[in-house]
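1. sequence first, then the predicted structure, then my questions.
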There are 2 protein chains.
Amino acid sequence: MTIYDIARKAGVAGSTVSRVLNGQPGISDGTRKRILAIAEAEGFALSENARSLKLKSSMLIGILVSDIRNQHYTEGAYVMVEEFQRKGYCSIIMNAGNSGAAKIDAVRMLSSRRVDGAVFIGSSFSTEEVAKAVSTYMPDTPIVMENGSLPLDNVYTVAAADSAGLRSAVEYLAGSGCRSLAYINANDTPSNRLKRKGVEDAVSKTGLSCIYMETTDSFEGGRKATLRLLEQARPDAVVYSMDILAAGGVRAILDSGLAIPDDISVFGVDNSIYSAISNPSISSVDTSLSAMSAECVRILESAMAGIIPEKRKELPFSLVIRESTR
Amino acid sequence: MTIYDIARKAGVAGSTVSRVLNGQPGISDGTRKRILAIAEAEGFALSENARSLKLKSSMLIGILVSDIRNQHYTEGAYVMVEEFQRKGYCSIIMNAGNSGAAKIDAVRMLSSRRVDGAVFIGSSFSTEEVAKAVSTYMPDTPIVMENGSLPLDNVYTVAAADSAGLRSAVEYLAGSGCRSLAYINANDTPSNRLKRKGVEDAVSKTGLSCIYMETTDSFEGGRKATLRLLEQARPDAVVYSMDILAAGGVRAILDSGLAIPDDISVFGVDNSIYSAISNPSISSVDTSLSAMSAECVRILESAMAGIIPEKRKELPFSLVIRESTR
DNA sequence: TTGTATGCGTTATCAG
DNA sequence: CTGATAACGCATACAA
């Protein structure tokens, strides 16, 4: 079914149907009504493919997520999908995988779909490879990176105040009387490195002792790392780079017969549902995910409209104190 | 940048470039290499818009999610995105909203994008309105409904064994010595109605008593409903239609000074991360989300390939027993 | 092995 | 107010 089928049934030319379906003026009320009625009856919708081809605008937004299993990210993606949808854009979501090649492929796909703009979610896109892929495949398409950055003219950044947030959390713990700390970091990403830096800064400033450990970003990762930790030490407080790790940590600490926060305080990051669900509930650094997502949408829209937005926007954090700290 | 730009630089015709870029045979090795090199250098990718127009296939899959906040669904959506991507499809995800009109709009959008197939996630798509929208806008596009169904030739169903799963959970509780039950249901959806029916069946069969309550599908919803429940009764066990509710319930029960499972057993549904994170961890009906999602992909692919798949597939459930039950 | 010509479903320009 | 026509970027039948 095409506009010509509609045109034939209405006894008009294709261009007239096009005008009517696009709500353009200069069509007699009679023809308009007749065409609309036929289109409605036939369940006809203009082909966005042909439209995109002609108009050189796909009304498509590409959203790249580095890791599907990070609920924090997918949640952010959905906020964006909804927001873009409200403005008439369709979002195509792709899982960029963790290999460099997969990321390059993903960028290429967005390019071949001729997306009007894109959002890359997660700091793992901040690599040379991605920068090169973007500059060769999408040098002129506005791109916003959530928690990442690329030194390119068409790429904008919306970032969480990771360092400052963690610094503040450690200072809070120090203020509540903790003296020996442990910091358990998830996968090595730029974002997590910033968090660690915040911890290190605060540790050296407050004079606390601190054990650093790495693990994978899952409940189990947090649980096992914490068990490992408790075999070798008995810190006052444990800080995790993500709530989901902290939830696993809480489980490990309780299973070890220790009390929270009496024996050990626990701090997480993200202020996600995990920190609220956990029992005891977990104090967390709120990096305002939804605000970040909204900001990504706003900046991308601005750039797509040709209004150059700020190159980098850092969002404030706040501490949400719950039962896991004194 | 088009294939003609590449053609000019390579001193060949557009059709030759098209052939090379599509990996078709019958091109001399020299020309092929030359064209490939130029395309690579220019970062050129064929326009999927033009391709779709010509080939009458968009390689696009539409995924409709009824409610973004249901993590269970979004997680399933991501499994599909990844799976489809592996097969060369792009997924466009849309939030269908809860009003009928929004759902119709969403179907129309998928139609205008000329998606090759679609998945509707969630039982709230099982309405007359959606059926009509599908039959007028996408009468010939294969559609798979996860946990829903529509009486149309092009619509297939993949469903969880909701009733059977809940029946089994209640029987398990009865077997562990529980005599008085409460069932807390989230929003009224076909799927939740099936769950309730399973509970009712088992209750009448086992001779338990049961209080039924409704709430909203969130941690807070579960918590508040449970507090309300405990004001008026003291059941042996509480069954929740979703893990997230059960997590809220656990919190409410513990806050009321009762012990789990000594005073009250708790059962959830979904075997999600929530049931694992909760403390105590929650026994849950596993409706095998990932298996369902994989099945949706399989069925849709089959239908798109012209091989008529089974009209309805119901997946088995299993009980995952954790600390919240005796 | 390669080139020419045509059509896919739209929109926009220009005529009428 | 409406119609004819070209062009968008590609794939393909046919010709060379």
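-> Looks like it arrived, so ask away.
2. sec struct for the nearest residue to A:Ser302 once chain neighbours are set aside, please.
-> Nearest residue to A:Ser302, sequence neighbours excluded (C-beta to C-beta, 6 or more residues apart in numbering or on different chains): A:Pro309, at 4.2 Å. Bear in mind the C-beta positions are built from the backbone N, C-alpha and C, glycine included. Here A:Pro309 is recorded as coil under DSSP: H, G, I helix; E, B strand; the rest coil.
3. isn't A:Pro309 right next to A:Val297, touching?
-> No: A:Pro309 lies out of contact with A:Val297 (C-beta atoms under 8 Å); the separation is 11.3 Å.
4. looking at those two, which is more packed in?
-> A:Val297 (24 against 18; other C-beta atoms under 10 Å in any protein chain shown).
5. residue contacts, whatever residue of the stretch 51-200 of chain A ends up closest to DNA strand D?
-> Nearest residue of the stretch 51-200 of chain A to DNA strand D: A:Lys54, at 3.6 Å (C-beta to the nearest atom of the strand). For A:Lys54, the contact set (C-beta atoms under 8 Å, 6 or more residues apart in numbering or on different chains) is empty.
6. torsion angles phi and psi at it?
-> phi -70, psi -40 (degrees, to the nearest 10).
7. and the gap between the residue nearest to A:Ser302 and A:Gly117?
-> Between A:Pro309 and A:Gly117 the distance is 12 Å, computed by C-beta to C-beta, to the nearest Å.
8. buried stuff in the worst-scoring helix or strand of chain A on mean pLDDT?
-> Comparing every helix and strand of chain A by mean pLDDT, DSSP states H and E singles out helix A:71-86 as the least confident one, with a mean of 87. Neighbour counts using 16 or more other C-beta atoms under 10 Å in any protein chain shown place A:71-85 of helix A:71-86 among the buried residues.
9. who's in contact with A:Leu150?
-> With C-beta under 8 Å, 6+ apart, A:Leu150 has these contacts: A:Phe125, A:Ser126, A:Val130, A:Ala131, A:Val134, A:Ile143.
10. scan those and report the most crowded one.
-> That'd be A:Phe125 among these, by other C-beta under 10 Å, with 29 neighbours.
11. help me confirm that that one comes into contact with A:Gly97.
-> No: with contact defined as C-beta under 8 Å, A:Phe125 does not count as touching A:Gly97 (11.4 Å).
12. for these two, list the residues in contact with both.
-> Joint contacts of A:Phe125 and A:Gly97 (C-beta under 8 Å, 6+ apart) are A:Ser66, A:Lys103.
13. what's the first helix or strand after the one helix or strand A:Asp105 maps to?
-> Per DSSP states H and E, A:Asp105 falls inside helix A:100-112. Remark: after helix A:100-112, the chain's next helix or strand is strand A:117-121, criterion DSSP H and E.
14. quick one, that following strand and helix A:100-112 angle?
-> 160 degrees (axes from the mean of the first three to the mean of the last three C-alpha atoms, to 10 degrees).
15. tell me the buried residues in the helix or strand just after strand A:117-121?
-> Per DSSP H and E, the first helix or strand lying C-terminal to strand A:117-121 is helix A:128-137. Neighbour-count burial for helix A:128-137 flags A:Val130, A:Ala131, A:Lys132, A:Ala133, A:Val134, A:Ser135, A:Thr136, A:Tyr137 (criterion: 16+ other C-beta under 10 Å).
16. so, low pLDDT: which residues of the stretch 201-326 of chain A?
-> Low-confidence segments of the stretch 201-326 of chain A, defined by pLDDT under 70, are absent.
17. and the residue of it closest to chain B?
-> A:Asn279 (4.1 Å; C-beta to the nearest C-beta).
18. so who does the residue lying closest to that residue once chain neighbours are set aside touch?
-> Distances taken as C-beta to C-beta, 6+ apart put B:Asn279 closest to A:Asn279, at 4.1 Å, once the chain neighbours are dropped. Going by C-beta under 8 Å, 6+ apart, B:Asn279 touches A:Val250, A:Arg251, A:Leu254, A:Ser278, A:Asn279, B:Val250.
19. how many neighbouring residues does the last one have?
-> Same thing as B:Val250. Counted with other C-beta under 10 Å, B:Val250 comes out at 31.
20. helices or strands up against the helix or strand harbouring it?
-> Using DSSP H and E, B:Val250 falls within helix B:243-255. Secondary-structure packing of helix B:243-255 (3 or more C-beta pairs under 8 Å, 6 or more residues apart in numbering or on different chains; DSSP states H and E): helix A:273-277, helix B:219-232, strand B:237-240, strand B:265-269, helix B:273-277.
21. tell me which parts of chain A are close to DNA strand D?
-> For chain A, the residues in contact with DNA strand D (C-beta under 7 Å from any atom of the strand) are A:11-16, A:19, A:26-28, A:30-32, A:50, A:53-54, A:56.
22. what subset of those residues is also close to DNA strand C?
-> Applying C-beta under 7 Å from any atom of the strand to those, those adjacent to DNA strand C are A:Gly14, A:Ser15, A:Ala50, A:Leu53, A:Lys54.
23. for DNA strand C, what's the nearest residue on the stretch 51-200 of chain A?
-> Closest point on the stretch 51-200 of chain A to DNA strand C, by C-beta to the nearest atom of the strand, is A:Lys54, at 3.8 Å.
24. what's the pLDDT at that residue?
-> On pLDDT, A:Lys54 comes in at 97.
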